[in-house]
Each structure stands twice: as C-alpha cells, then as structure tokens.
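**Q** fold the following and give me the result.
(chains A, B, C and D)
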Protein chains: 2
Amino acid sequence: MHLLCAKGLELFHNNGFYNTSLDDILKELSLSKGAFYHHFKSKEDFFVNIIQNFVVQKVYALLVEPLSTQENPLHVIVDSLENALEPSKSNEMAYGFMLNDFLTEFNKRNTEIHRYLKDILNVWEVNLISLLKKGKVDGYIARHVNCEGVATFIIASYLGMRSLMMDGTDAQLKYQYMQQLKQYFNMLTERESVI
Amino acid sequence: MHLLCAKGLELFHNNGFYNTSLDDILKELSLSKGAFYHHFKSKEDFFVNIIQNFVVQKVYALLVEPLSTQENPLHVIVDSLENALEPSKSNEMAYGFMLNDFLTEFNKRNTEIHRYLKDILNVWEVNLISLLKKGKVDGYIARHVNCEGVATFIIASYLGMRSLMMDGTDAQLKYQYMQQLKQYFNMLTERESVI
DNA sequence: ATTTAAACCGACTCCTTGGTCGGTTTTATT
DNA sequence: AATAAAACCGACCAAGGAGTCGGTTTAAAT
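**A** Have a look, this model is predicted:
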C-alpha cells in the first residue's frame, strides 16, 4: 500500500493524474484492480491520500521548518528555491513543490481537489509571509516592504519557472531566474544608505 | 469551419484539450462527426489549426506590435501584463496569453504540440528581450541589466500568476503582483543618482 | 437541368479506463 | 488446526471518446 502510493506519486508526477491509468500503476507493481480498490475507494481518493501522506509532509518539512532559522530570510528563500528548481531526479525537494503541475491539471476538472491543492499552496504562502515579517523585525528586510506582495511575487515566479522548465534541465534558465530573484531581493534589504 | 475553431478554442480554453470531447464541441454547434472529420484529420490537427489561426496571430499582435512604440518599454510591458491578467470575459487579450494552460496540459502527453506551443512562447521572449535592449539604448533601462534574465523573470512570474489566478478573479492577488513588478522594474531603470 | 464536388450526417467500431464483484490466497489470532 | 479478517485476484461491466464510412444534402459550375 505504501508501494502503491509511492509508485502512484511517481507516475502521477511524471505523466499527470489523468494521463496515468490505474492499470499503468498496477502493472508496474504487478498488482490487481482488486488490491487497489481494497485500499482506496476511487482513483481520486487515492490521489488525495498520496498528497496527504507525502506531499503535505514535505511541504511542511520544507517550508515550516526553515522558519525557525535565525539567518537572513531572503537567503533562506533563495536557497530553498535554488534547491526546488534542481532537476528532480530523486530530488527530495521536488516533492514539496510539485503542487503546481497538479494545480493546473485539476483546474476545471475537479474543483474540489483543485481547492485542496491550493490550500496547501497557501501553507507555503503564509509561511513565506511570516518569514518575511520576521525578517523585517530582525532588520534583514526594509520596513517599507509589502510582505504579502513579495510572497505572491515569489510564488508566482517560482510556479512559472516550473512551467518553463517542464521538459528538462535548462540550467541557463534557472541561472537567469535566480540571478534576477537575487537582485529583486537585494532591493528589499535594509540598507544603511537608504537611511 | 470558422465557427468550429472559435467554439473549439473556447471550450479547450475553458475545460482543457483532453477534457473537451469532440462531441461536446459538435453538440453545441449542432454539427456531426462527419462534418468535423471532413475538415480536420484528427483532434490534435484541429487544435494545432486553432492555435495557428487564432492564438499565434494574437501573440504577434500583442507582442510584436508594441515593439514599435517609442515609450518606456517597462511601461509598455506593465500595461500589457496588466491587461493580460484581466479576467478574461471576452477578453481579446487573453487569447494571446492562454498558452500557459495548454503548455502544462501537453507537457508529457504530446511532446510535439508541447514543443510547438513553447516555440510560440519563445516569440514572446525574443520580443521582450529586444524591447528591453531597445530600452537600454533609449536610456530607459540601466546598462548593467541582463535583458535575457529580466525577460525570463517576467515570463515566469506572469505564467505563475496565471496559475494562481486560475479559478477566477482575485483582484487582490493581481494588485500585489503588479505592485511588486513595478518595484522590480523601478530597479531596472536608469537613474541619475546611480551615476 | 445535369453533373460534380464539397459539406455534412449519424450510426457504428474499437479502444481505453474507472469501477465492480464473487471468489481465492495470505496473515494473524486463539 | 480452526477461524476470521485482511489482502488480493482478474474477469467483467458500463461509459465515454476518437475515429470510420457509406450515404445524403447542399452548392456551384457548365
């Protein structure tokens, strides 16, 4: 059953939910329909289960845990995105950030799941925001900065990068993105010269 | 036949390519399978046709034409994105920017179409870049700016915003995004103080 | 008016896929 | 060993969707 979820996540992630049939998954594991429907009541139930048990945990581990650090929040964010955009061959990090692909897929087809996924994305958002606000207090981030706006900007740009990098490893693209992101972040930092 | 394409684009855009059956389209137009397959050799051929005749033209109209302006490129870009993120109720602009949704959909399912769509996106990119470079020459943009990087950043953030705003009109989100984009752009402008 | 081709119809086939179900094997408990 | 429960099998069903095809209507050309 754990195998089922793992393989399911793998195939769903690679080929998409609707483009992966149960038979595909079952064939690879040499399991039967009966085995599957003994554990899950539907394909969508199966998916939600996977998200719950794998993705959500990763998101928390990746996005809540870093909050506790005392470092510069902007550095923390840069590092996490750098990591998250790494080509995902057995990339632990990728699991936490695969939401985007599923979001688009479920957009109009299953609004319930779509909303559910978006809620998870919101976890990222609120944690980003509070991380940024903390950075303000700690003097890393300029006081005029709109933390909510910055969070939105980060999330949007990251999601877009995932779209652009879909097919494979475009190191150049990633490099350009990270470079601009750093410059943007640089703008947000508290500088003495401004005072 | 023109009706077919128009309705096809509408439904594909609303529900996705794979989530829209030919019957769905045909039913709305009271046409038959025969009529359809008289004009197109397959569903995918139909789609490519639509993209060719509708989307590509829009992209050119929206992204090549603005190049000729003498205004500040950054303002031009801001305006176009502002427009493009407007809720798409009969929004002409939206047609030019719907590529993102299809890109994700065709990602692993039809690499040929995916690549084709990405090529169109590249049109946007090269035009953005040359617009930015022109802005440099005209003194609107600082000389140290990496135009390719900026273009990537713009595209990524825009695509991400389309993902975030999928369900409907989140004016707040859009506002935050535009605000940050403007600040980011502000950083790129040539200022006397820097000299 | 006749011919010809384009446009169109709709029933049909084939295939995929999610889901069902009666029955069998495995595992654990006593 | 006996029993029960969980896990599992795989043939089967029903629905939906892409694509086919022989035939009919419409429109244009001569």
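
**Q** could you use CA atoms for every contact and neighbour count after this?
**A** Fine.

**Q** and stretch A:45-59, what's buried?
**A** A:46-48, A:50-51, A:54-56, A:58-59 (16 or more other CA atoms under 10 Å in any protein chain shown).

**Q** restrict these to contacts with DNA strand D.
**A** For DNA strand D, no contacts are drawn from the buried residues of stretch A:45-59 by CA under 7 Å from any atom of the strand.

**Q** so which of those residues are in strands?
**A** Counting by DSSP state E, none of the members of these fall within strands.

**Q** buried ones in the host helix or strand of A:Gln172?
**A** For A:Gln172, the element it lies in under DSSP states H and E is helix A:171-188. Neighbour counts over helix A:171-188 (16+ other CA under 10 Å) mark A:173-174, A:176-181, A:184-185, A:187-188 as buried.

**Q** before we move on, the earlier item: want to throw the buried residues of stretch A:45-59 into TSV with distance to chain B?
**A** Converted to TSV, those look like this (distance: CA to the nearest CA, whole Å):
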residue	distance to chain B
A:Phe46	20
A:Phe47	18
A:Val48	20
A:Ile50	21
A:Ile51	19
A:Phe54	22
A:Val55	19
A:Val56	19
A:Lys58	21
A:Val59	18
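
**Q** can you spell out which helices and strands pack onto the longest helix along chain A?
**A** The residue-count maximum for a helix in chain A (DSSP state H) belongs to helix A:111-137. Packing partners of helix A:111-137 (3 or more CA pairs under 8 Å, 6 or more residues apart in numbering or on different chains; DSSP states H and E): helix A:56-63, helix A:73-84, helix A:99-106, helix A:147-164.

**Q** mean neighbour count, the ones you listed: which tops it?
**A** helix A:147-164 (a mean of 23; mean count of other CA atoms under 10 Å in any protein chain shown).

**Q** for A:Gly8, see how far away the residue in chain A positioned nearest to DNA strand D is.
**A** The minimum distance from chain A to DNA strand D, using CA to the nearest atom of the strand, falls at A:Gly34 (3.0 Å). According to CA to CA, to the nearest Å, A:Gly34 and A:Gly8 sit 16 Å apart.

**Q** more neighbours: which of the two?
**A** A:Gly8 (22 against 9; other CA atoms under 10 Å in any protein chain shown).

**Q** what about the regular element (helix or strand) spanning the more buried one, average pLDDT?
**A** Following DSSP H and E, one finds A:Gly8 within helix A:2-15. Averaging pLDDT along helix A:2-15 gives 90.

**Q** off-centre distance for the next helix or strand after it?
**A** Using DSSP H and E, the helix or strand that follows helix A:2-15 in sequence is helix A:22-29. Relative to the centre of its chain, helix A:22-29 is centred 26 Å away, using CA atoms, centre = their mean, to the nearest Å.

**Q** same question for stretch A:7-25.
**A** 18 Å.

**Q** likewise stretch A:146-157?
**A** The answer for stretch A:146-157 is 14 Å, by CA atoms, centre = their mean.

**Q** is chain B within reach of it?
**A** Yes. Using CA under 8 Å from any CA of the partner chain, stretch A:146-157 reaches chain B at A:148-150, A:152-157.

**Q** which residue is the nearest non-sequential neighbour of the spatially most central residue of chain A?
**A** Closest residue to the average C-alpha location of chain A: A:Phe97 at 2.0 Å, with CA atoms, centre = their mean. Excluding the flanking residues, the one nearest A:Phe97 by CA to CA, 6 or more residues apart in numbering or on different chains is A:Ala84, at 6.7 Å.

**Q** what parts of chain A come near DNA strand D?
**A** A:1, A:30-35, A:38-39.

**Q** anything in stretch A:49-62 near DNA strand C?
**A** No. Using CA under 7 Å from any atom of the strand, stretch A:49-62 stays clear of DNA strand C, coming no nearer than 13.1 Å.

**Q** endpoints of that stretch, how far apart?
**A** 20 Å.

**Q** what's the answer for stretch A:132-142, then?
**A** 10 Å.

**Q** number of nearby residues for A:Phe17?
**A** Neighbours of A:Phe17 using other CA under 10 Å come to 20.

**Q** next, it: phi, psi?
**A** A:Phe17 has phi and psi values of phi -70, psi -50 when expressed as degrees, to the nearest 10.

**Q** can you tell me which residues contact it?
**A** A:11, A:102, A:105 (CA atoms under 8 Å, 6 or more residues apart in numbering or on different chains).

**Q** close enough to count as contact, the first one and A:Ile25?
**A** In other words, A:Leu11. Yes. A:Leu11 is in contact with A:Ile25 according to CA atoms under 8 Å; the separation is 7.2 Å.

**Q** more neighbours: those two, which one.
**A** Counting neighbours by other CA under 10 Å for A:Leu11 and for A:Ile25 shows that A:Ile25 has the greater number, 21 against 17.

**Q** isn't the more buried one right up against A:Lys7?
**A** Yes. If you go by CA under 8 Å, A:Ile25 and A:Lys7 touch, sitting 6.7 Å apart.

**Q** least confident secondary structure element in chain A?
**A** helix A:92-96 (a mean of 60; mean pLDDT, DSSP states H and E).

**Q** ok, back up a step: the helix holding A:Gln172 vs chain B: in contact?
**A** Yes. Part of helix A:171-188 sits near chain B under the criterion CA under 8 Å from any CA, namely A:173, A:176-177, A:179-181, A:184, A:187.

**Q** ok, and what's touching that helix?
**A** By CA under 8 Å, 6+ apart, helix A:171-188 touches A:74, A:78, A:82, A:85, A:141-142, A:145, A:161, A:165, B:148-150, B:152-153, B:184, B:187.

**Q** ok, now with 7 Å
**A** The contact list for helix A:171-188, computed with CA atoms under 7 Å, 6 or more residues apart in numbering or on different chains, reads A:74, A:141-142, A:145, B:149-150, B:152-153, B:184.

**Q** go on, stretch A:112-130?
**A** Here stretch A:112-130 has contacts from A:56, A:63-64, A:99, A:103, A:106-107, A:147-148, A:151, using CA under 7 Å, 6+ apart.
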